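Enquirer: Any chance you can model this:
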Amino acid sequence: MLIQQKGGLFMELIRISASKLKIMLTGEDMEKYALDARTADYDDTATRRAFWSILDDAKNQTGFNAAGDRVFIQLYPSKQGGCEMFVTKMNLLCAEEGEKKTSLLNGRITKTVLERIDDGGRERVNAYVFDELSALLAVCRRLRDLGWHGKSEAYRETGGKCYLIVSERQMKTYAALDRLSFITEYGTLTCADTLRLYIREHGTCICEKEAVETLGVL
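Expert: Numbers count the residues shown, from 1 in each chain. Next up, the predicted model:
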């Protein structure tokens with residue numbers, strides 16, 4: 001969905017699911033919202049104001065309402081001066097599992113989390129939850145085909161949900177080079193640290209290491 005705003009600016013919105021939204025901003029959009037992808041920090045009042053202004057506009061156009069939810073925001077600067085944002089509602093994770101488990105998974109997520117992919121020297125850790133084993137296997141196959149060489153581990157719980165934690169040294173700056181964004185087509189992004197605490201009690205290990213290489217051939 002390409003949204004033309006007042007003043008001729010464009011913001012492209014893709015609602016991936018009830019819990020996921022992709023937002024593509026031009027350089028002009030960034031100026032309008034007073035957002036700088038290179039220095040964005042959620043602890044900064046101006047950054048928070050910019051994010052929620054963007055999400056308010058997105059809500060009016062798509063119905064994606066993040067108000068009242070804990071959200072995870074990934075921000076990818078582009079060479080043209082704009083950026084791509086992936087917004088995930090965190091409190092939908094395991095909502096079907098009941099209030100007790102949902103509280104456990106979300107208890108340590110106390111505010112909106114911003115991940116800004118703009119430096120080439122740190123380890124990036126992402127975690128995902130899948131409703132079915134087939135989705136986990138499909139993701140592992142695609143990552144393997146893409147030449148994934150990072151760390152990976154996989155888990156499963158008695159309710160049938162599966163989990164994948166992947167990590168690698170982040171060397172790419174721009175969204176076009178990100179290899180993980182497709183995973184949200186299959187599952188939901190979640191907080192890796194919180195997930196590790198959860199699976200200690202509720203999960204069974206499928207592959208403690210090299211999950212992509214092992215499961216990607218199945």
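Enquirer: Could you look up the SS state of the closest residue to residue 151 other than its chain neighbours?
Expert: Excluding its sequence neighbours, the residue lying closest to residue 151 (C-beta to C-beta, 6 or more residues apart in numbering) is residue 167, at 4.6 Å. C-beta coordinates here come from the backbone N, C-alpha and C atoms, glycine included. The three-state assignment at residue 167 reads strand, by DSSP: H, G, I helix; E, B strand; the rest coil.
Enquirer: in this structure, which spans are strands?
Expert: Here the chain has its strands, by DSSP state E, at 2-4, 10-15, 20-25, 71-77, 83-89, 113-116, 123-130, 151-157, 162-169, 188-190, 203-207.
Enquirer: Can you say which of these is nearest to residue 44?
Expert: strand 113-116 (9.9 Å; C-beta to C-beta).
Enquirer: Look up which residues are beta-bridged to the spatially most central residue of the chain.
Expert: Taking C-alpha atoms, centre = their mean, the centroid of the chain lies closest to residue 189, which sits 4.6 Å from it. Counting by DSSP bridges, residue 189 forms beta bridges with residue 128.
Enquirer: residues touching it, list them.
Expert: Contact partners of residue 189, counting by C-beta atoms under 8 Å, 6 or more residues apart in numbering, are 20, 72, 74, 86, 88, 126, 127, 128, 183.
Enquirer: again, 6 Å this time
Expert: Applying C-beta atoms under 6 Å, 6 or more residues apart in numbering to residue 189 gives the contacts 72, 88, 128.
Enquirer: that older thread, count of neighbours near the residue nearest to residue 151?
Expert: Burial measure for residue 167: 15 neighbouring residues, criterion other C-beta atoms under 10 Å.
Enquirer: Tell me what it is bridged to.
Expert: On the basis of DSSP bridges, residue 167 is bridged to residue 125, residue 151.
Enquirer: Need the per-residue pLDDT for it.
Expert: Listed pLDDT for residue 167 reads 87.
Enquirer: Test my guess that it contacts residue 127.
Expert: No - under the criterion of C-beta atoms under 6 Å, residue 167 makes no contact with residue 127, lying 9.3 Å away.
Enquirer: Check the gap between residue 86 and residue 45 for me.
Expert: 23 Å (C-beta to C-beta, to the nearest Å).
Enquirer: So for these two, which sits in the more crowded spot?
Expert: More crowded of residue 86 and residue 45, by other C-beta under 10 Å: residue 86, with 22 against 9.
Enquirer: This structure: helices as residue ranges?
Expert: Applying DSSP state H to the chain gives helices spanning 27-32, 45-62, 99-106, 133-145, 192-202, 211-215.
Enquirer: Quick one: list the elements packing against the first one.
Expert: When contacts are defined as 3 or more C-beta pairs under 6 Å, 6 or more residues apart in numbering; DSSP states H and E, helix 27-32 packs onto no helix or strand at all.
Enquirer: Let me see the domain layout of this structure.
Expert: Using automatic domain parsing, the domain ranges for the chain come out as 1-118, 119-218.
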